[in-house]
Every structure is written in structure tokens, then in C-alpha cells.
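1. Quick one: sequence and predicted model below, then my questions.
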Amino acid sequence: MVKQTTKEHDLIVDDERTSNTVAALKQGILDNLFYVVGKRVEVATDLDHFTALAYTVRDRILARWLTTREDYAKHNVRTVYYLSAEFLMGPYLANNLLNLGIEDVIRQAVAELDLDLNHLIGRESEPGLGNGGLGRLAACYLDSLATLGVPAMGYGIRYEFGMFHQAIRDGWQVEMTDYWLRYGNPWEIRRPQACVEVGFGGHTQSWADSFGEYKVLWSPNEIVKGVPFDTPILGYRSGVANTLRLWRSEANESFYFDRFNSGDYEGAVGAKVFAENISKVLYPNDEEIRGKELRLQQQYFFTSCSLQDMIRRHETAGHSLENFHEQCTVQLNDTHPSIGVAELMRLLVDIHGFDWDKAWEITSHTFNYTNHTLLPEALERWPLRIFGLLLPRHLELIYEINARFLTIVRAKFPNDEARVARMSIIDEHGERYVRMAYLACVGSSHINGVAKLHTELLKSDVLHDFYELWPEKFINVTNGVTPRRWLAVSNPEQSELMTSKIGLGWIGDLDQLSQLERYAEDSTFRSEWRGVQHAVKVRLAQYIAEKTGVSVDPSSMFDAQVKRIHEYKRQHLNVLYILTQYYRLKKDPTLEISPRTFLFGGKAAPGYFMAKLIIKLITSVAEVVNNDPEVNRQLKVVFLPDYNVTFGQLVYPAADLSEQISTAGKEASGTGNMKFAMNGALTIGTLDGANIEIRDAVGHENFFLFGLTAAEVAARKAAGYHPHQIYESNGALREVIDGIGSGRFSRGDGSLFRPLVDSLLNSDPYLLFADYQSYVDCQDRVCKMYRDPEAWSRMSIYNAARMGQFSSDRSIRDYCKDIWNITRFEIGAGVPASK
Ligand code: Z2T
């Protein structure tokens, strides 16, 4: 029971209203339905009941949310600010119930109101404020930060439209808008009094003040208001609730009315449209950013809002800005917020009057940068023209930062102007660009990759020059995922079985799963393990039947590849294997293979033609295979539309096999690989990203490995790679490629998949052909192994039992120790670190 004192009236609110008895919970739901939703029980819909329930849960979060904030303030803590353009949070209700520990009483309260909790949980639509792994990682990290009691805040954008919804029409992806706020959002609280202003465009003037100091004034020609919306982020039974603060852009009234009153009606309307556009929509491109001005506006908008907010909080707490970097550490989630380096310099120098050197000391000790990709086309660069028009003052500051930086480069590497040109923050080859990754490197204390191989490749390749200059800045922090959402919430069946053997401790300490190892050799346990797996597969099969009309057999092997559709991830390599099996079965219908259901899910960037063609290929192959009685008892192919967090929670637990088949050296880490393995799936994968570490952890004998290594890929390319020769010399591959090219899977249309086939035959940039035979051989080993259920279950249990290190709790501990310098937090105690 929480006692709250309202100071003004000295009134004690001993809040019976928010206690966790079944009676109080029932009353809470009914009260919220009536007073907040505004409906009578008799006419309330499922959605109304969900909303009332969500408010009832939120009522139980508020006290600890405010208390956490007060505790942090009291203890004067060093705070982590996680800046990310994306937070892919997933639905909150089930997770909040778990973390509060009130699932059972809520279930009963809801049942006594003749409602079903699982059904209501299913009514929540998820905020899709992210593209994929990067945004989901941010969400897992917020969960772990709160669980470990680390004083932390996430900052991002409250997009009005999140990731598009994907429909499949005639086998093609169709995009539909995601207006996720349609029915309101019970979890957020608008904080209009904490709004800030952000400028855009205009010009700068400089002068020397009366002390002869150089001063600059930036006069923007648009000023936009940033309004924060806060959502509580509960730790798992830690008593802590941190905050996710997302900014919405709104018109600045006075700015707007000034124009309006001076007769500039068009200008006023234009300003309003400009302002409201900024947080309107998430860019749905995962790894390729074309220089779109609105995207830069978004980046600057949320980064400036967040830094101003941090400074205000810092000063309100009574600290001097000189100590900013001692109280605050800012993590840049990729380069999207890296304009923050220039913005903090502007705030310190122009607004707060610091001299350059002191401002730079503060700035460069505040930021740290996480890189998430090795794909060259994904490294953000802004054309100077766009940049200078939108952020003229920041461009000047970047020139100055760059000039001083290049002096350091020249001092360390004399007479090496080629190196200076390579490292310059301004790219001067052809059209001039600002290289955001370089700005991030120069302005940060630490630079990290997200898996061991990825960090090594950053050092040896993408950021090699920076590594030579500052080797001590580079550090690896392998990604992790939260076992709360990805195991305890999404897989209650497996969770219960594990808990019955080893207790509940694993949820807050995933290393405890290692106690399951001894059960791998216990045949009774293995059979229980299979029972659980089967039950979970039945659930997914029902969902698939509902959504797609395809019936799949829960006793077939569920082979899943769910992730963004991208050539480097090689969903089409998976298709090549499916077709290899198809032709084998066509030739010999008596062939005995392990029946398999191939599950695909994922969105293609709307402008990425090849990715959309891959979706069309999967759905076309599905149509042929699923309707051919000679093969469809042994092969089924399903493309599940609109893959998102909610669907992920259904599919990770049900998979027997996890496809992690990217070209070695391309996937920075992968996190789906971890979610699958925790849930007992075996992995077929390349030596790429975190696969390498997963394989080492689970044991090489419990992992299906195939394909070239990253070094071999590089060597093959350097030696001159000729996919056509492989096609000529491999009969099975030739048959599959010819089949696709001939129109056999596209109702006779031989032109449909031509672009895909030609790309493979002529260049094959992701080396599908080079890995084809190795992949097929490995899949055949998978087939054989699946026919031995005891051996398979044993491997499955070892996979789950050895996943401790892939908890995001471990990742966050690494960040605390190696990057943020946060040492004194108490796990689970809810008592934050004091400085
Ligand atoms: C993204 O999800 C990832 C990298 C990006 O580079 C952009 C997006 Cl939207 C700019 C992914 C990586 O592809 C994946 O390997 C990694 O596991 C994930 O970020 C989290 O680090």
C-alpha cells in the first residue's frame, strides 16, 4: 500500500483505490470504464474493457513512477539518456502485469467480470514506432535498465503514424497507414508544461562582444514546439519505473499568431503544417537512408528537444552545466541522433556562454555511439546543401569541430593528406556531404559494435582510420533481448515447465537457465518439453488458419524466418532450398523427408523493389507448393502478413528451426536469433553477427552451421566472383533457377522474376550461389536430425539452457561498466545509484 501525501493540504491519501485485492481491481476496472472511458458496462466493447483495464493497471504504476523520480532526485544520480529515433515497444499490458506481479489477481478480477484476460490482452494494438532490430533493441534495453534499477530515460519521437501495416494482395506487399492513436493511448501522459522550442533554417550573424569575444546569433525562420509524452517503463519486480519520453511536434502559437495577425495567413498556415509534419510519420526504411530533408528535421527535432530537456533537468536539480557530463551520459542509437554533438556545442557555446574548449570537453565526455550496420549504403550522409539550409549554425560548428579534429589527425599522421581526406567529417569527393558516423565518432568517448564480429569489422574496415587514431574508444557490447517479454510473457507454457524445475529466478537472472542442462539427459523431461512445444505450435497453427486460410500440421517441423526482407538476409536462399526439395519430391513422390512448414514474415521498405519481389517469390512458391498434392503433405509455405512484435511473440515460441542465413559479414548482430534459441529452436546459420557467439555458447554440436566465413566472402569477392559458373556446374541449382526464370511459379509469366534471376546470375552480390550447396547439405542434416525426436529435444534444451548471456540484462551491465561508468546500482532493490 502506498501512502501519498499532498503537501498543500497535508491530506493523506491511503489509497485503497489502488490496492491489489481482487475487489479493488474489479472496482478499478468498473470505475475506469465509467469515469474515464465514459461507458456503461452493458454497452462496453472489448476495446472499452481493454482500455479500462489498462487504466486500472496504470493507476498501480503511478505511485512507483513518481517515487522513482523522487528517489533519483534525492540521490543525485548519474543518469543514462538513450537517444533513439525508434522504440519498438510492443503491447504493454501483459508485460506490465508480469513486471508488477499482479497477473493472477487481475486474471481473477477480470474473470469475475465475465471477461477473459488473454482476450483483452489481444485487443491492444502495438505502437509500431520502429523498423526492426534497432528499435526493438532500444525497447529491450529500457526493460533491462528499469529491471536493474539504473537511472535512465529513453528519448525519441512520438510518430503519429508508425510502421506501415502490410497486406498481401495478389502475392505482393501493399502498405497501409498505421494510425495507432485512433483509440487513444492509455499508457502515456502528456506533459505540456515541459515543452521546448526548436528552430530551423534562417541565418547566422557574428560579432565581437565588448570583451572582444566572438559571438554568434542564429535566427531561425521556423520555430517549432516539442511536447513530451511520457510512458512509464516498469522494471521486473524491481519497484522501479523509468520513463520513455517521446516528443510530438506542434505549432508554436505565438509564432503562428504573429504571422496570422500581420496578415500573412499563408505563412501562418505554412508554419503550422511545417511544425506538425515533423513527428507525423516514421520512415519505413531500415538500412538505407536517402537524403530526405524531413528525416533530418526529425533527427534534429528530437535530439534538440532531448538535450534541452536534460539541461533543464540538470539545472533544476541545482547542478552547474560544467558538470553536465558527470551527471549525464548520452547513448546515440546509431547516427540518427548524432546531430546532438553539434547541438550540445551550440547550447553550451551560443546559449550558455562557454568557451570552445570547455564546451568540447563536456560534449565529448557526454556522448557514446553505437553503430548498427556494416552496409555502406546505410551510413548516413547529408548533402551539404540541405544541411546548410536547415541548420546553418550547426554547419558552422561542424566545420570548426572538423578543423580541430583534422589538426589532431595531421599531428598523429604527418604528411598523410589522403588519410585526412578519408577521415574528414565533410566528404569532398564529388557532391559534398556531412558524414554523420564520423561526427558521432569524433564527438563520442566510446564507439561500440553490437556483436564481436561486427566490432572487429568496424575496427578493421568501416571505421579503420578512427580505430588507428583512437583504439581505446572502441569496444564491443553484444546485443541481448529481454527474457521477460520474449520468454515469460510470450511462452507461458515453456516458462511454467522451466519454473517447475528450477524456480522463478531465471526471469531476473537468465544465467539460471543453465540449471536445465541436467534435464537434457532426462527422457521424461524431454517428453514434457516436446509436449509444451507441440501445444505452442497448435496455437500458432490456429492463428495461421485464421489469418491465411492455410492449414498447417503442428507435428511438421516449423521452420521460421521472420525479419525485415532484405537481400543480405537472403530469404531467397531459403526459397532456393524449398524449391530444391520440391523438385526432389516431384521426381520421387515416395521420397521420405521430415514434413516441414516454412514460415516467413517481414516487411520490405516500400521503395525497395528487389525486396518486394522476394515477397512475391515466396507467395508464388507458396501457391504452387501448397496446392500440389504430390508435395503438400511434406512441404507447406506460409507468408504471414504484417509481421510485428505481437506476431513475433507468437512465432518465436513455436519454431523448431530458426533461419539466420545472412551473408557472413553483413548482419551486425541479429536479435531474432537469440529470441528463437531461448525458446528452444535450433539455429541454421552462417558465421555472421551474434550467430557466432550463440554457437559458441550452445555448443557447436547443437547448431547447424553452413556457408562461407566473412573472410572467405571478402576473398571470393576480391578474387572475382562468377555466380554463373556455379550455376553451370550445379545441376540442382540450375533446375531451381531455371524453374523460377521460366515462369513455373508465376503462372507461366517468365518475365516476373527476371530481375531477381538476372541479379543472381550476373552479380549475386550476397553470394547465394556460393553458399547454396553448403546450405542444402546442412538442411539435409537438419531433416535427418528432426527424425530423431530424442536427439532433437536434447539439442533444443541445451540451446535454451545456455542462452543466459543473451539476456539484455547482461548487455546493460556491460554498458554500465564499460561505457557509462555506472557502478553502484543495486539490482532489483529499486534503490538507484548515488554519485
Ligand atoms: C536496424 O534494425 C539495424 C541496423 C540498422 O542500421 C538500422 C536498422 Cl532499422 C542502420 C539492425 C541490424 O541490422 C541488426 O543486425 C541488429 O541486430 C539490430 O540493428 C540491433 O543492433
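-> Arrived safely. Computed from a predicted model, the values in this text were never measured in an experiment.
2. Excluding chain neighbours, give the residue nearest to R191 in space.
-> Residue nearest to R191 in three dimensions, not counting chain neighbours: P228, with 4.8 Å by CB to CB, 6 or more residues apart in numbering. In this view, the C-beta of every residue, glycine as well, is placed from N, C-alpha and C.
3. What strands line up against the strand or helix carrying that neighbour, and which way round?
-> Using DSSP states H and E, P228 falls within strand 222-234. Strand pairing for strand 222-234, determined by DSSP bridges: strand 189-190 (antiparallel), strand 196-200 (antiparallel), strand 241-251 (antiparallel).
4. Comparing these, which stretch has the densest surroundings?
-> Stretch with highest mean neighbour count among the strands paired with strand 222-234: strand 241-251 (a mean of 24; mean count of other CB atoms under 10 Å).
5. So R60 is in contact with R17, correct?
-> No. The pair R60 / R17 is not scored as a contact, 9.8 Å apart, by CB atoms under 8 Å.
6. Count the neighbours of the residue nearest to R191 for me.
-> A count of nearby residues for P228, using other CB atoms under 10 Å, gives 23.
7. Look up how far the ligand lies from it.
-> 24 Å (CB to the nearest ligand atom, to the nearest Å).
8. now the strands paired with strand 222-234 as CSV including mean pLDDT and distance to W356?
-> Output for those, formatted as CSV (pLDDT from 0 to 100; distance: least, CB to CB, whole Å):
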stretch, mean pLDDT, distance to W356
strand 189-190, 98, 38
strand 196-200, 98, 21
strand 241-251, 98, 29
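9. Distance to D522 for these - can I get that in JSON lines?
-> As requested, those are arranged in JSON lines below (distance: least, CB to CB, whole Å):
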{"stretch": "strand 189-190", "distance to D522": "49"}
{"stretch": "strand 196-200", "distance to D522": "59"}
{"stretch": "strand 241-251", "distance to D522": "40"}
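10. right, and those strands - which one's nearest V150?
-> For V150, the closest of those is strand 241-251, at 8.0 Å, according to CB to CB.
11. Check the offset of that closest one from the chain's centre.
-> Chain-centre distance of strand 241-251: 18 Å, with CA atoms, centre = their mean, to the nearest Å.
12. Following element in sequence after it, please.
-> Going down the chain from strand 241-251, the next helix or strand is helix 253-261, by DSSP H and E.
13. and that next one, what does it pack onto?
-> strand 222-234, helix 265-278 (3 or more CB pairs under 8 Å, 6 or more residues apart in numbering; DSSP states H and E).
14. Pick the most buried one from those.
-> strand 222-234 (a mean of 23).
15. Minimum distance to the ligand, which residue of the stretch 701-835 of the chain gives it?
-> S811 (10.1 Å; CB to the nearest ligand atom).
16. ok, that residue - contacts?
-> 141, 144, 477-480 (CB atoms under 8 Å, 6 or more residues apart in numbering).
17. now with 10 Å?
-> 137, 140-141, 144, 450, 477-482, 805 (CB atoms under 10 Å, 6 or more residues apart in numbering).
18. ok, now L395?
-> 204, 342, 382, 384, 387-389, 426, 434.
19. Of the residues you listed, which belong to strands?
-> Residues of those located in strands (DSSP state E): 204, 382, 426, 434.
20. Burial check on S763, number of neighbours?
-> With other CB under 10 Å as criterion, S763 counts 12.
21. thinking again about what came up before, overlap in contacts of R60 and R17?
-> Taking CB under 10 Å, 6+ apart as the criterion, R60 and R17 both touch 24, 28.
22. Between these two, point out the one with more neighbours.
-> Neighbour totals were compared for R60 and R17, and R60 leads with 23 against 13 (other CB under 10 Å).
23. residue contacts, the residue in the stretch 151-300 of the chain that the ligand sits nearest to?
-> With CB to the nearest ligand atom, the shortest gap between the stretch 151-300 of the chain and the ligand falls at D286, namely 3.8 Å. Taking CB under 10 Å, 6+ apart, we find D286 in contact with 86, 130-135, 163, 372-373, 375, 378, 563-566, 602-605, 608, 611.
24. which residue sits closest to it, ignoring its sequence neighbours?
-> Nearest to D286 is N131, by CB to CB, 6+ apart, at 4.3 Å.
25. Find the helix or strand that that neighbour is a member of.
-> Per DSSP H and E, there is no helix or strand for N131.
26. and what of L599?
-> Judged by DSSP H and E, L599 forms part of strand 596-601.
27. In terms of secondary structure, what does that strand contact?
-> helix 523-548, strand 557-562, helix 571-587, helix 609-626, strand 635-640, helix 645-654, strand 657-660, helix 768-786 (3 or more CB pairs under 10 Å, 6 or more residues apart in numbering; DSSP states H and E).
28. Could you report the distance from K215 to Y369?
-> 30 Å (CB to CB, to the nearest Å).
29. ditto for F703
-> From F703 to Y369 the distance is 31 Å (CB to CB).
30. which of the two has more neighbours?
-> Y369 (28 against 22).
31. what helix or strand does the more buried one sit in?
-> Short version, using DSSP H and E: Y369 is in strand 367-370.
32. How about the residues of the stretch 651-800 of the chain by the ligand?
-> Contact residues (CB under 6 Å from any ligand atom) of the stretch 651-800 of the chain with the ligand: 667-671, 689.
33. Return the closest of the residues you listed with respect to Y721.
-> Nearest to Y721 among those, with distances taken as CB to CB, is E667, at 19.4 Å.
34. Give me the phi and psi for G748.
-> Main-chain dihedrals, G748, degrees, to the nearest 10: phi 90, psi -10.
35. residues near it, how many?
-> Counted with other CB under 10 Å, G748 comes out at 9.
36. Could you do the one 3 residues further on as well?
-> By the criterion of other CB under 10 Å, S751 has 9 neighbours.
37. That one contacts G743, doesn't it?
-> Yes. With contact defined as CB atoms under 10 Å, S751 reaches G743; the gap is 7.8 Å.
38. how about Y721, what does it touch?
-> Y721 touches 713, 715, 763-765, 767, 769-770, counting by CB under 10 Å, 6+ apart.
39. what about it, is that helix, strand or coil?
-> coil (DSSP: H, G, I helix; E, B strand; the rest coil).
40. Do you know the pLDDT at it?
-> On the pLDDT scale, Y721 is placed at 98.
41. now V442
-> According to the model, V442 scores 98 on pLDDT.
42. quick one, which of the helices and strands packed on strand 596-601 is packed in tightest?
-> strand 657-660 (a mean of 27).
43. Quick one: list the elements packing against the next helix or strand after that strand.
-> Next helix or strand after strand 657-660 toward the C-terminus (DSSP H and E): helix 672-678. Counting contacts by 3+ CB pairs under 10 Å, 6+ apart, helix 672-678 packs against helix 133-147, helix 483, strand 557-562, helix 645-654, strand 657-660, strand 682-685, helix 691-698, helix 789-801.
44. wait, which of the ones you listed is closest to P186?
-> Once the helices and strands packed on helix 672-678 are compared by CB to CB, helix 645-654 is nearest, at 16.8 Å.
45. Report all helices and strands that that closest one contacts.
-> helix 133-147, helix 492-502, helix 523-548, strand 557-562, strand 596-601, strand 635-640, helix 672-678.
46. and the angle for it with helix 523-548?
-> Put simply, helix 645-654 runs at 140 degrees to helix 523-548, going by axes from the mean of the first three to the mean of the last three CA atoms, to 10 degrees.
47. need the residues of the stretch 101-250 of the chain near the ligand, please.
-> So the stretch 101-250 of the chain meets the ligand at 131-134, 137 (CB under 6 Å from any ligand atom).
48. so which of those comes closest to I578?
-> Once CB to CB is applied, the member of these that ends up nearest I578 is G132, at 23.4 Å.
49. which ones are touching the nearest residue to the closest one once chain neighbours are set aside?
-> In space, and not counting its chain neighbours, G132 is closest to R564: 4.6 Å by CB to CB, 6+ apart. The neighbourhood of R564, defined by CB under 10 Å, 6+ apart, consists of 131-133, 284-287, 571, 602-605, 608, 611, 643.
50. quick one: which of these is nearest R191?
-> Once CB to CB is applied, the member of the contacts of R564 that ends up nearest R191 is N131, at 26.7 Å.
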